[in-house]
Every structure is written in structure tokens, then in C-alpha cells.
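*Asks:* need coordinates for the following:
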Amino acid sequence: MPDDSAQLYLGLISGTSADGIDAALVRFEPRCELVFGHTYPWDETLRTRLIALGQGGEATSLDELGELDTSLARAFADAATQAIADSGTDRSQVRAIGSHGQTVRHRPESSAAFTWQMGDGNVIAERSGLTTVADFRRRDVAAGGHGAPLMPAFHAAMLRSNQEDRAVLNLGGIGNFTLLPRTGEVRGFDTGPANALMDAWCERHTGRAYDAGGAFAASGTVDAELLARLLGDPWFALPPPKSTGREQFHLRWLEAQLGTSKLSPADVQATLLELSAITVADALHATQPGTARVLGCGGGVHNAALMARIAAHLPGVEVESTAAYGLDPDYVEAMGFAWLARETLAGRPGNLPSVTGAKGPRVLGTIYPA
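*Replies:* Predicted structure coming up:
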């Protein structure tokens, strides 16, 4: 195997919001360094189908699912190839791709537990010409875990401190915490919707894919009755380990809570933002009340209104971006899957049983040779 210090790993992920494919070229020796990061847009027709499936929609045939799996893989491979070209990187320097894929179903608590991330690694390896590691979550689920979140091991390797209790907050479509105590086990879990509901509601009522800076939410007023109904969902009361996705928190779920309410779209958006902020703060208070610092990453860190409300619900806690610690908040997850690919190729476990609930550490993913 070539000297790891001369190697780059390319992480790919499309999150719950399906707003694009994040690509991150990362060097891990002598220190973790983002060499290049970019988000490549989905074909709009493909994105529309992804969102429909992610929100509980059904495929019409096995042929449709098979073709979608291949189409997604081609898009991931093309993003990888484009990232290498855009960065001016010599392809021979890239050791492997780590591809998360696109989650279309996540059912870790069903009687036949499963999680499904589409984007066939065979196609990615064939089309890119690079060794690809993919399908990271299913081994953890097979071992009795939730298969999520998987980033805590990476967060712990990069951001843990022996001076204070920290928490890493990823604000993607779904919010999740990694708890990094000074001593003791690392833990992690999903908190509920972060951007997914706000994005979907914003797109429906404004035509914009997301609420830039939280301006749409800031133009409305939180409705206490709707907020109480949303917070009453039993999922929020479940103890960790727990995970969720767009298949649970989607517009039909919101519409059921709205009922015959005549709230303005802006008031609903404001209430959804408050839901995200409160569920994040409540989760932290319940699980690591001594937290000194929350390090935010994911698209939600650019929503100033959301970050302000989270900080307001966490008095005495420093809330800042992972950028202050050398990790670009837009590409932390893509970097994490580059790191997971590296761990898999080295034969090292990538999950934390204290986070996912799995029976033990497991080497994650399937390797598709170039």
C-alpha cells in the first residue's frame, strides 16, 4: 500500500435534504486537511424523485428502483471525477472514494431492521476508475445498531478535548449530536428535524429550496399551539440511541399537525425553526448538561436565525462553527466518509457501539476495487 501521507481520500454524501452531492478531497497525514470541497447539484428530475421517495413515496416497480440505483451511482461517480478535475489533483494521488449514497429508507427499529442508501458502488468504481467504499450503514444495523449516526467516531478523532465537555451538532436535513465528554464514552443520536421540514415548507411557499439566513422564518411568529403539537410526537421522548429521517418528519406529518389551522406560511416556518432549536437544546440538556461548547456543522450553521435560537436555549454554552477548529462546516460529513473509507481499507472499525447500539465495533462498508 502506498505511503498514506501522499494519499488523498474523496468523500461523497448527499444528505437528507438532497440539495446536492458534497465532495471532499481530504489528506489525513500529517494532519487532517480539506484539500478541496464543492457541492455538485443534482439533476432536478432526479432530485424530485429522491425527495418523493425519502418522504415515504413508493416506487412503482423493481425496474424503477434498479434504474434509480444506477442513476444515483453515475451522479456520484461524475461528482467524484469532476471534483478531481476541478481541484487539479492527479488521479493517482486518490487512494479511494468513500460514498455514503442517498438514503431512501431508514427503518432500524422494524422487525426486519434495515437501512437503504442507494448509489451502487460497483458503478461508482467502474465509472470513476477508483477503489470505492460504500454501503457503510448496513453492517451496523445487522449488528443490532441504528446504523446512524456514523460521524461521532470522526468527530471524536478530530474535535475531542480533555479540557472541557463538547458536543458536535450537525444541522443537516436531520439534526444530530455527537457528545464528546472530557472522560467517558462518546455518544451520539439524532435530535429530529433540523432543515428538512423548513426546506420543504419554504420551497412549497416561496419556490426557494431553503430559507436563506432564516429570513422567511424571521418574518413570522411562533405559534405556541402548533409547536406543542409538533413536540408531542412520541419520537422526541425516545431515549438514545435513536435515529430518524425524512420518511418520518415530512410535509404530510406537518400537515396532520396543522389540521384546519389558518396560520400564515411565515408563522409555520417560524414554528418549524423553533421546533428545531428546542429539540436540539432539550436533547443536550437531557444527555450532557455540563457541555461547555457546541460546535456546529452542516447547512444549518448558515441559518443565522436558527443558530441564534439554539444559543438562546443554551445559556452559558459557547455555540460556534467547526470552522474555528479547522473543519469546514459545509464538508464535515463528506470528510467523515473519506475518513471512514480510510478506516475500512485499514481494517479498522468505523462505528461506535455506544452511539449506534450495535453489539460491538464493526468494520463498515463494502470495498469495490478499481
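*Asks:* drop to CA atoms for contacts and neighbour counts, all remaining ones
*Replies:* OK.
*Asks:* where are the low-confidence patches of the chain?
*Replies:* Residue ranges of the chain with pLDDT under 70: 1-6, 16-17, 54-56.
*Asks:* residue boundaries of the helices in it?
*Replies:* For the chain, the helices defined by DSSP state H cover 44-54, 62-87, 121-128, 138-142, 152-159, 196-206, 215-218, 224-231, 251-258, 265-287, 304-312, 332-345, 353-356.
*Asks:* what are the boundaries of the strands in the stretch 101-250 of the chain?
*Replies:* Under the criterion DSSP state E, counting those that start in this stretch, strands of the stretch 101-250 of the chain are mapped to 102-107, 114-118, 132-134, 166-171, 174-180, 187-193.
*Asks:* next one: the third one to chain centre, how far?
*Replies:* A distance of 17 Å separates the C-alpha centroid of strand 132-134 from that of its chain, computed with C-alpha atoms, centre = their mean, to the nearest Å.
*Asks:* so which other helices or strands are in contact with it?
*Replies:* Here strand 132-134 touches strand 94-99, helix 121-128, helix 332-345, strand 366-368, going by 3 or more C-alpha pairs under 8 Å, 6 or more residues apart in numbering; DSSP states H and E.
*Asks:* what's the longest one in contact with?
*Replies:* By C-alpha atoms under 8 Å, 6 or more residues apart in numbering, the residues outside helix 332-345 that reach it are 9-13, 22-26, 28, 34, 96-100, 132-134, 151, 154, 297-298, 349-350, 363-365, 367.
*Asks:* I'd like to know which of those are buried.
*Replies:* Buried members of the contacts of helix 332-345, counted by 16 or more other C-alpha atoms under 10 Å: 9-13, 22-26, 28, 34, 96-100, 132-134, 151, 154, 297-298, 349-350, 363-365, 367.
*Asks:* returning to what we had before: for residue 292, find the nearest of the helices and strands packed on strand 132-134.
*Replies:* Residue 292 lies closest to helix 332-345 among those, at 20.9 Å (C-alpha to C-alpha).
*Asks:* would you put the C-alpha positions of that closest one in CSV?
*Replies:* Extracted C-alpha coordinates of helix 332-345, given in CSV (Å, rounded to 0.1, in the frame of the first residue of the first chain):
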residue,chain,number,x,y,z
VAL,A,332,-17.5,17.8,7.7
GLU,A,333,-19.8,14.9,6.7
ALA,A,334,-18.1,14.4,3.3
MET,A,335,-14.8,14.5,5.1
GLY,A,336,-16.1,11.9,7.6
PHE,A,337,-16.9,9.5,4.8
ALA,A,338,-13.5,9.9,3.3
TRP,A,339,-12.2,9.1,6.8
LEU,A,340,-14.5,6.0,7.1
ALA,A,341,-13.2,4.8,3.7
ARG,A,342,-9.7,5.0,5.1
GLU,A,343,-10.6,3.1,8.3
THR,A,344,-12.3,0.4,6.2
LEU,A,345,-9.3,-0.1,3.9
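*Asks:* what sits up against stretch 149-164?
*Replies:* 32, 137, 166, 168, 176, 178-183, 186-190, 243, 291-293, 325, 333, 336, 339-340, 350-352, 355-356.
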